[in-house]
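predicted model and sequence below, questions to follow.
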Amino acid sequence: MNALEESLSSSADRTGTASGSAPGVPAARTDAPKLGLASSAAARGVGKLLKMFGSPPFEFVLWNGERIVPEGVKPIARVTLREPGVLLGLLRNPGVRFGDGYSDGRIEIEGDLVRFMEEVYRGSTRAEKQKTLLGFMGKLWNRPRVNTLAGSKDNIHHHYDIGNDFYALWLGRTMAYTCAYYPTAAATLDEAQDAKMHHVCRKLRLRAGERVVEAGFGWGRLAVHMARHYGVKVRAFNISKEQVAFARAYAKSEGLDSQIEYVEDDYRNISGSYDAFVSVGMLEHVGVENYRQLGKVAHEVLGGNGRGLIHTIGRNYPAQLHPWIEQRIFPGACPPALSEMTQIFEPWNLSVLDVENLRLHYAHTLMDWLTLFETNVERVRSMFDEKFVRMWRLYLAGSAAAFTTGTLQLFQVLFATAENNNVPMTRDHLSQPMA
């Protein structure tokens with residue numbers, strides 16, 4: 001512990017650390033001086049924190065009313081730290097402690113939360129390039145959970161089995177929890193989700209009577225869409241108990257249960273023979289160490305004219321997911337770089353036909369989700385509590401910022417068996433009228 005940390009730790013001991021709701025903090029005193037970054041131990045700590053993130057234009061208000069303002073630039077947000085221990089935690093492990101502090105109410109953000117998080121992500125990118133000791137230690141402290149058969153089930157349960165009623169409040173009519181596709185700027189969330197499903201089906205060139213296997217199906221709407229609009233038979237695999245029950249009930253209510261079989265099982269246990277393989281929003285949960293096995297499954301179930309599509313959050317280079325999201329929201333998640341995705345295809349001689357990046361479509365999707373979440377925030381609060389509301393608000397806003405800043409990407413990768421010559425010569429089929 002260095003001298004700065006000792007001073008902050010001593011101050012935290014004197015102030016006390018709240019174990020429940022955070023104590024009230026006085027509004028920034030109008031008579032408090034605008035402190036330079038060397039006026040006190042706390043101010044120096046804030047200066048160190050800002051430097052770690054490339055000096056973003058934030059104003060800080062400390063637990064004692066002190067204000068630290070950026071020099072020569074108008075702040076875009078005010079950050080209030082309610083106790084010394086918060087600052088100490090941010091200096092030691094900002095990747096996790098910021099999200100925890102915000103969720104607990106010990107950190108307050110005044111201003112546009114998405115814009116604030118955009119500045120955080122830009123600063124984090126600069127910090128990563130500097131390869132600081134803190135960044136190295138952060139990787140050691142924040143290693144993601146594994147995706148074994150048992151581990152994957154636990155990880156999925158943590159996120160997806162917290163209640164269908166909760167997700168129904170903000171996912172829209174389709175209950176699709178993946179990136180939508182906005183054919184026009186005026187498209188609604190529901191229209192964009194329908195367009196995304198058609199986009200996937202057109203890429204796969206689905207034909208009536210074909211057999212499709214889906215690895216990971218969420219609440220099951222893509223399978224329903226494929227069966228209803230393209231006349232295919234679908235066998236879909238998922239390990240979320242609540243999602244499987246929901247999907248089965250919905251398919252039956254739509255009279256499509258004879259065309260769709262929802263299987264509560266892991267993708268590693270897929271068997272049979274199919275014309276097409278599709279996975280939308282599952283690869284993030286697979287883990288790079290399991291990509292070769294996923295490719296083996298696709299290779300073994302596809303026939304000579306088989307083709308497949310994988311839709312996944314990704315990155316421009318290999319890196320871990322933001323540690324707070326991985327630990328608190330999406331345990332075991334790891335968005336891949338395209339270079340890592342080749343481990344799915346190369347060992348099994350699967351040919352990549354097309355790669356599309358829908359990054360800005362996902363930013364748009366997340367902003368629509370955040371709007372619906374805020375519209376229904378009182379119902380969310382009644383279902384859970386204030387900490388849950390703040391945690392998910394930060395998750396949605398931070399995710400939107402990750403896509404607008406290019407921290408995250410959204411890849412759709414179309415592939416086929418190597419011997420398949422029944423592939424389109426152009427992309428004209430993607431603009432045909434919807435089936």
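Structure's in. What do you need?

all contacts plus neighbour counts: C-alpha atoms, from now on.
OK.

can you name the next helix or strand after the helix or strand residue 394 falls within?
If you go by DSSP states H and E, residue 394 is part of helix 386-404. The C-terminal neighbour of helix 386-404 among helices and strands, as given by DSSP H and E, is strand 409-417.

that next one - what's its average pLDDT?
Averaged across strand 409-417, pLDDT comes to 98.

then stretch 302-315?
Stretch 302-315 shows a mean pLDDT of 95.

got the buried residues for that stretch?
Going by neighbour count (16 or more other CA atoms under 10 Å), the buried part of stretch 302-315 is 302-303, 305-315.

so which of the residues you listed sit within strands?
Among the buried residues of stretch 302-315, DSSP state E puts 302, 303, 305, 306, 307, 308, 309, 310, 311, 312, 313, 314 in strands.

where in the stretch 51-200 of the chain is pLDDT low?
125-161 (pLDDT under 70).

helices of that one, start to end?
Assigned by DSSP state H, counting those that start in this stretch, the helices in the stretch 51-200 of the chain fall at 84-92, 94-104, 113-130, 133-141, 149-160, 164-168, 189-204.

closest one of the buried residues of stretch 302-315 to residue 275?
residue 306 (4.9 Å; CA to CA).

for the closest one, give me its contacts.
Listed by CA atoms under 8 Å, 6 or more residues apart in numbering, the contact set of residue 306 reads 274, 275, 276, 277, 416, 417, 420.

present those residues as TSV; the columns should include neighbour count, secondary structure and distance to residue 169.
As requested, the contacts of residue 306 are exported to TSV (neighbours: other CA atoms under 10 Å; DSSP: H, G, I helix; E, B strand; the rest coil; distance: CA to CA, whole Å):
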residue	neighbour count	secondary structure	distance to residue 169
274	21	strand	35
275	21	strand	35
276	25	strand	32
277	28	strand	30
416	29	strand	37
417	21	strand	40
420	14	coil	43
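
mind checking which helix or strand residue 219 is in?
Per DSSP H and E, there is no helix or strand for residue 219.

test my guess that it contacts residue 241.
No. Between residue 219 and residue 241 there is no contact under CA atoms under 8 Å: 10.4 Å.

ranges for the strands of the stretch 201-350 of the chain?
For the stretch 201-350 of the chain, applying DSSP state E, counting those that start in this stretch gives strands covering 211-215, 233-238, 260-264, 274-280, 302-314, 350-357.

so which of those strands is nearest residue 101?
Between those, strand 302-314 lies closest to residue 101; by CA to CA that is 26.4 Å.

so what strands line up beside that closest one?
Looking at strand 302-314 with DSSP bridges, its partner strands are strand 274-280 (parallel), strand 409-417 (antiparallel).

minimum distance to residue 60: which of the ones you listed has it?
strand 409-417 (31.2 Å).

pull the number of nearby residues for the residue nearest to residue 202 when sequence neighbours are not counted.
Distance criterion CA to CA, 6 or more residues apart in numbering; nearest residue to residue 202, sequence neighbours excluded, is residue 430 at 5.7 Å. Applying other CA atoms under 10 Å, we find 16 residues neighbouring residue 430.

which pLDDT value goes with residue 430?
Taking residue 430 on its own, its pLDDT is 91.

before we move on, what about residue 322?
pLDDT, read off for residue 322, is 87.

next one: phi and psi at it?
phi -50, psi 130 (degrees, to the nearest 10).

what about residue 370, helix or strand, and which?
helix 359-375.

which residues make contact with that helix from outside it?
Contacts of helix 359-375 with the rest of the structure, by CA under 8 Å, 6+ apart, involve 169-171, 179-182, 189, 393, 396-397, 399-401, 403-404, 406, 408-411.

how about it: buried residues?
359-370, 372-373.

run the angle between it and helix 386-404 for me.
Relative orientation of helix 359-375 versus helix 386-404 (axes from the mean of the first three to the mean of the last three CA atoms, to 10 degrees): 160 degrees.

quick check: next helix or strand after helix 359-375?
Note on helix 359-375: by DSSP H and E, the next helix or strand toward the C-terminus is helix 377-383.

tell me which residues of that following helix come out buried.
For helix 377-383, by 16+ other CA under 10 Å, it's 377, 380.
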